[in-house]
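Asker: Based on what follows, work out the 3D shape:
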Amino acid sequence: MSDKTPIILWFRRDLRLGDHPALTEACNAGRPVIPLFIHDEVVDGQGAAPRFRLGLSVASLRDSLTDKASRLILRKGRALDVLREVIKETGAGAVYWSRLYDPDAKARDTAVKAALKDDGIDAQSFAGHLLFEPWTVETQTGGFYKVYTPMWKSVRDRELPATLSTPSRIPAPGSWPASDDLDGWQMGADMQRGHDVVLPHCTVGESAASHRLGAFIAHRIEDYKAARDIPGVDGTSGLSENLTYGEISPLSCWHAGWRALHDGKSDSETFLKELVWREFAYHLVHHTPRITTANWREDWDAFPWKTDARLAEVKAWKQGRTGIRFVDAAMRELQVTGRMHNRGRMIVASYLTKHLMCHWKIGLDWFADQLIDWDPASNAMGWQWSAGSGPDATPYFRVFNPVTQLDKFDKDRDYVRAWLAEEYKTPSKTALSFYDAIPLRWNMSPEDAYPDPVVTADEGRKAALAAYENRDF
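Answerer: So this is what the prediction gives:
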């Protein structure tokens with residue numbers, strides 16, 4: 001007698017229906033499929049902006065499933081407890097999910113899989129969050145890659161499968177288990193005043209992500225190599241937000257990039273390299289999970305970074321009041337949009353860790369609370385790359401000059417005008433919206449005088465180099 005017990009499809013950071021291996025396998029099994037999202041211990045541990053943006057994505061997936069005559073069941077609680085409850089209520093005999101690779105998710109998933117198997121449940125995990133499973137990419141000597149460029153060269157010409165189609169039908173159970181009300185979870189509550197300011201800057205859901213990719217390939221990828229470094233223009237794909245929540249698969253982006261390259265758009269290779277940079281981050285997190293919480297290069301453990309996040313200079317950095325225009329513009333963009341241009345991320349990270357001599361974990365934690373495109377692997381590797389303590393890092397003696405960087409990448413001050421209000425008689429709408437997003441306790445106004453630098457570019461560089469010279473690398 002064939003097995004007709006339901007399969008629970010546990011959604012996490014794979015909030016789409018297309019190119020979804022776990023969903024496709026469940027639908028092809030000829031058994032009822034119960035889509036489930038759990039507000040669990042890992043979700044509870046996320047910062048304000050990531051949790052807010054995750055809630056928007058869950059709502060979009062819920063609507064997409066409704067259009068397929070299915071449902072998204074919502075439950076809150078410890079993941080294993082909720083899964084066991086739903087299994088008991090529905091008689092489900094299997095749980096499928098897409099793999100994740102950061103330490104918190106891996107610890108949860110490993111425990112869940114072992115417990116469910118002990119219960120006699122078929123627990124299976126599938127690929128889909130990455131292009132390449134981390135353990136399938138090895139150096140010629142069988143180890144993992146610690147430098148990006150050799151990894152890129154090793155995977156560049158790999159044959160990858162075609163994307164999977166969206167299932168035409170998702171088999172429904174005879175009766176549905178109860179579901180929580182998503183609004184009752186109040187996943188955006190911690191955003192406070194920033195909620196309504198950031199919301200219009202979000203591009204949410206599978207359909208919107210697909211359109212975003214299409215528009216990028218059609219109109220911007222041809223100039224991507226140069227334009228992606230100019231923060232005052234719309235020169236990037238913007239897809240980090242959608243990849244974070246799995247609203248689009250990296251495989252879809254990869255194939256689109258290769259098609260563009262074959263069509264003669266040579267800058268497409270730079271886009272493909274950025275996709276592999278994301279893979280490199282997860283490759284490192286899988287093989288050296290300490291990168292998310294501690295110096296990847298252990299000889300940096302004795303470096304005398306300041307570790308107190310309450311310091312006045314850290315407060316000025318968070319508030320976009322350092323007196324360094326590139327830094328402040330980027331930090332204000334973060335408050336308004338929940339995102340930050342990649343060039344800005346490098347500049348603010350360098351300024352915090354080198355000019356202000358503050359520990360990279362202060363910045364990592366702030367980004368983890370503020371970014372709508374927060375990704376545990378990319379955030380960790382990006383901060384350690386900037387600080388010099390990570391693999392393939394920017395050399396410790398390289399200190400970005402935020403003044404000359406502004407002259408190089410924002411010559412006409414389009415980016416500064418977009419985000420700094422104090423020095424303009426008629427500030428831009430985006431610059432003014434910063435004051436609607438920030439906490440009232442910051443007591444900031446566009447009528448304030450623009451501050452003098454907390455630490456000037458030259459002073460900060462000299463102090464950083466002096467500190468580096470006094471330790472043995």
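Asker: quick one: the strands in this structure?
Answerer: Using DSSP state E, the strands of the chain run over residues 7-11, 33-39, 73-76, 94-98, 122-126.
Asker: Just want the angle from the first one to strand 122-126.
Answerer: Orientation note: strand 7-11 sits at an angle of 40 degrees relative to strand 122-126 (axes from the mean of the first three to the mean of the last three CA atoms, to 10 degrees).
Asker: List the contacts of strand 7-11.
Answerer: 22-23, 26, 29, 31-38, 58, 61, 72, 83, 86-87, 90, 92-97 (CB atoms under 8 Å, 6 or more residues apart in numbering). Heads up, the C-betas are built off the backbone N, CA and C, glycines and all.
Asker: Could you list every helix and strand in contact with the helix or strand of the chain with the lowest mean pLDDT?
Answerer: The weakest-scoring helix or strand in the chain, judged by mean pLDDT, DSSP states H and E, is helix 457-469 (a mean of 90). If contacts are counted by 3 or more CB pairs under 8 Å, 6 or more residues apart in numbering; DSSP states H and E, helix 457-469 sits against helix 402-409.
Asker: how far is the helix it packs on from where the chain is centred?
Answerer: 26 Å (CA atoms, centre = their mean, to the nearest Å).
Asker: Could you list which residues are in contact with Thr244?
Answerer: Arg13, Pro50, Arg53, Asp373, Trp374, Asp375.
Asker: mind putting those residues in a markdown table, distance to Leu311, pLDDT and neighbour count included?
Answerer: Putting these into a markdown table (distance: CB to CB, whole Å; pLDDT from 0 to 100; neighbours: other CB atoms under 10 Å) gives the following:
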| residue | distance to Leu311 | pLDDT | neighbour count |
| --- | --- | --- | --- |
| Arg13 | 34 | 98 | 21 |
| Pro50 | 25 | 98 | 26 |
| Arg53 | 29 | 98 | 27 |
| Asp373 | 27 | 98 | 23 |
| Trp374 | 23 | 98 | 23 |
| Asp375 | 27 | 98 | 24 |
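Asker: Of these, which belong to helices?
Answerer: Using DSSP state H, the members of those that fall within helices are Pro50, Arg53.
Asker: quick one: which of the contacts of Thr244 is nearest Ala114?
Answerer: Arg13 (21.2 Å; CB to CB).
Asker: Assess the claim that that closest one and Leu243 are in contact.
Answerer: No: judged on CB atoms under 8 Å, Arg13 makes no contact with Leu243 at a distance of 9.1 Å.
Asker: The spatially closest residue to Phe144 that is not a sequence neighbour: how many residues sit nearby?
Answerer: Spatially, and ignoring its direct neighbours in sequence, Phe144 is nearest to His287 (4.2 Å; CB to CB, 6 or more residues apart in numbering). Residues lying near His287 (other CB atoms under 10 Å) number 17.
Asker: Can you give me the distance of the nearest residue to Ala260 once chain neighbours are set aside to Thr236?
Answerer: Once flanking residues are discounted, Ala260 sits nearest to Ser268: 4.0 Å by CB to CB, 6+ apart. Applying CB to CB, to the nearest Å, the value for Ser268 to Thr236 is 14 Å.
Asker: where do the contact lists of these two overlap?
Answerer: Tyr224.
Asker: got the contact list for the spatially closest residue to Ser64 that is not a sequence neighbour?
Answerer: If you skip the residues right next to it in sequence, Ser64 has Leu17 as its closest partner in space, 5.7 Å away by CB to CB, 6+ apart. Contact analysis of Leu17 by CB under 8 Å, 6+ apart lists Leu23, Leu61, Ser64, Leu65, Lys68, Thr166, Pro167, Ile170, Glu206.
Asker: out of the contacts of Thr244, who's nearest Arg220?
Answerer: Nearest member of the contacts of Thr244 to Arg220, counting by CB to CB, is Asp373, at 17.8 Å.
Asker: and the closest one, what does it touch?
Answerer: Arg53, Ser240, Glu241, Thr244, Gly338, Arg339.
Asker: Go again with 6 Å.
Answerer: Ser240, Glu241, Thr244, Arg339 (CB atoms under 6 Å, 6 or more residues apart in numbering).
Asker: With Val95 instead?
Answerer: So Val95 contacts Ile8, Trp10, Leu83, Leu116, Ala123 (CB under 6 Å, 6+ apart).
Asker: hmm, 7 Å instead?
Answerer: Ile8, Trp10, Leu83, Leu116, Ile121, Ala123 (CB atoms under 7 Å, 6 or more residues apart in numbering).
Asker: Out of these, which two sit at the greatest distance?
Answerer: Trp10 and Ile121 (11.7 Å).
Asker: more neighbours, those two?
Answerer: Trp10 (25 against 20).
Asker: picking up where we left off before, out of the contacts of Asp373, give me the one that has the most neighbours.
Answerer: Result: Glu241 is most packed of those (other CB under 10 Å), 27 neighbours.
Asker: nearest residue to that residue other than its sequence neighbours?
Answerer: Per CB to CB, 6+ apart, closest to Glu241 is Asp373, 4.2 Å.
Asker: With Ile230 instead?
Answerer: Ile230 sits nearest to Phe409 (CB to CB, 6+ apart), 5.7 Å away.
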